[in-house]
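J.: okay, here's the prediction I keep looking at, along with the sequence it came from:
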Amino acid sequence: MEHNTVQWDIENRQLLSEVCRNCPDPHFERRSKELPHIGCCAYEPVFTLFEIYKMIVAEKTEFFLEVLYHNPRNTIHEYEIVAGAFIHPLFYQRDPTSSESPAERYDKLCQSSHTVYKAVDERLAYAVCQFFIDGKGCGLNASFKTSICRSFICGAVEEKLSGEEREWLAKRQRSIRDEAEPFHRKYKAIFHERGWTLMNNVKEIIIYFRQLSRERAE
Ligand code: SF4
Ligand code: SF4
């Protein structure tokens, strides 16, 4: 089933919506008119072993190393990479009506586990995903987008769908997750057993994934 509000891009296995051009979701409303209105791309995508494998299969290892792995904006975890967002300068400025800047508010909110979720929202309200291109949208090769980026459809879009359309959407979202998550879990366990992490063994992981891709192609 296909409908107008949400489309399924079969080639890149991603959900898209025309509604995003004028994002109506109040959760992603910007704090100032000076900030670009970018909807849920005020975000820091988390690249798992699944997306890293796809980059290596596509012979884009150099892209992986330059844009993700060696990018000082990004945070390398054991088996994931968080692509840090650009933070707008307004985040660090006090406006005339406020006694603190959003950054100062963020620091305060981070101090308690009860408010840390608010801190995340405070920061993301001034964030722009590093792959977002003004006037164009996502600038990342669609096949390298994370499963969250390929499957996220907010409540404001969902409420425009009929019951049948929501079922269709949930099925597509599950199929995206069911491809990416088991892959990540499987190779995370294998690398963990070998004592490998992205921080310390990126060369070994690249060689392993190249070999895996050759075996899968045979
Ligand atoms: S999915 Fe929802 S929140 Fe994200 S850009 Fe589209 S309309 Fe806005
Ligand atoms: S990677 Fe693309 S879709 Fe995902 S948050 Fe960034 S710009 Fe948006």
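T.: Arrived safely, thanks for sending. Ligands and ions are numbered 1, 2, ... in the order given.
J.: from here on, contacts and neighbour counts on C-alpha atoms
T.: Noted.
J.: just the strands in this structure please.
T.: 6-9, 14-17, 46-47, 75-76, 81-82, 86-87, 127-128, 132-133, 137-138 (DSSP state E).
J.: strand partners (parallel or antiparallel) of the fifth one?
T.: Just to be clear, that refers to strand 81-82. In the sheet, strand 81-82 lines up against strand 46-47 (antiparallel), strand 75-76 (antiparallel) (DSSP bridges).
J.: try the first one
T.: Strands that pair with strand 6-9, judged by DSSP bridges, come out as strand 14-17 (antiparallel).
J.: for the biggest helix by length in the chain, buried residues please.
T.: The longest helix of the chain (DSSP state H) is helix 163-194. Using 16 or more other CA atoms under 10 Å as the test for burial, helix 163-194 gives 165, 168-169, 172-173, 176-177, 180, 183-184, 187-188, 191.
J.: again with stretch 193-202
T.: For stretch 193-202, by 16+ other CA under 10 Å, it's 196-198.
J.: please name the nearest non-neighbouring residue to Ile87.
T.: Using CA to CA, 6 or more residues apart in numbering and skipping the chain neighbours, the partner closest in space to Ile87 is Ala127 (4.6 Å).
J.: what does Phe131 give?
T.: In space, Phe131 comes closest to Gly139 once its chain neighbours are excluded; the distance is 5.2 Å by CA to CA, 6+ apart.
J.: what's the pLDDT at Lys54?
T.: As predicted, Lys54 sits at a pLDDT of 98.
J.: closest one to Thr146 among the strands paired with strand 81-82?
T.: strand 46-47 (6.0 Å; CA to CA).
J.: roughly how far does Ser17 sit from Leu212?
T.: Distance of Ser17 to Leu212, computed by CA to CA, to the nearest Å: 34 Å.
J.: list the contacts of the most centrally placed residue in the chain.
T.: The centroid of the chain falls nearest to Pro45 when counting by CA atoms, centre = their mean (2.3 Å). If you count contacts by CA atoms under 8 Å, 6 or more residues apart in numbering, Pro45 has them with 82-84, 129, 146, 148-149.
J.: check Leu161 too.
T.: Leu161 neighbours (CA under 8 Å, 6+ apart): Thr5.
J.: dihedrals phi and psi, it?
T.: Reported as degrees, to the nearest 10, the phi and psi values for Leu161 are phi -90, psi 150.
J.: quick check: the closest residue to Leu140 other than its chain neighbours vs ligand 2, distance?
T.: Spatially, and ignoring its direct neighbours in sequence, Leu140 is nearest to Phe131 (5.7 Å; CA to CA, 6+ apart). Per CA to the nearest ligand atom, to the nearest Å, Phe131 is found 5 Å from ligand 2.
J.: just give me the neighbour total for Phe131.
T.: 20 (other CA atoms under 10 Å).
J.: model confidence for it, exactly?
T.: 97.
J.: let the chain start at 477 from now.
T.: Sure, I'll start numbering at 477, so the last one becomes Phe607.
J.: phi first, then psi, for it.
T.: Torsion angles at Phe607 (phi, psi; degrees, to the nearest 10) stand at phi -100, psi 0.
J.: and it, what does it touch?
T.: 614-616.
J.: related to what we said a few turns ago, got the buried residues of helix 639-670 as JSON lines, with distance to ligand 2 and pLDDT columns?
T.: As requested, the buried residues of helix 639-670 are arranged in JSON lines below (distance: CA to the nearest ligand atom, whole Å; pLDDT from 0 to 100):
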{"residue": "Glu641", "distance to ligand 2": "22", "pLDDT": "94"}
{"residue": "Trp644", "distance to ligand 2": "21", "pLDDT": "95"}
{"residue": "Leu645", "distance to ligand 2": "17", "pLDDT": "96"}
{"residue": "Arg648", "distance to ligand 2": "17", "pLDDT": "97"}
{"residue": "Gln649", "distance to ligand 2": "15", "pLDDT": "97"}
{"residue": "Ile652", "distance to ligand 2": "14", "pLDDT": "97"}
{"residue": "Arg653", "distance to ligand 2": "15", "pLDDT": "97"}
{"residue": "Ala656", "distance to ligand 2": "15", "pLDDT": "97"}
{"residue": "Phe659", "distance to ligand 2": "20", "pLDDT": "98"}
{"residue": "His660", "distance to ligand 2": "18", "pLDDT": "98"}
{"residue": "Tyr663", "distance to ligand 2": "23", "pLDDT": "98"}
{"residue": "Lys664", "distance to ligand 2": "22", "pLDDT": "98"}
{"residue": "Phe667", "distance to ligand 2": "26", "pLDDT": "98"}
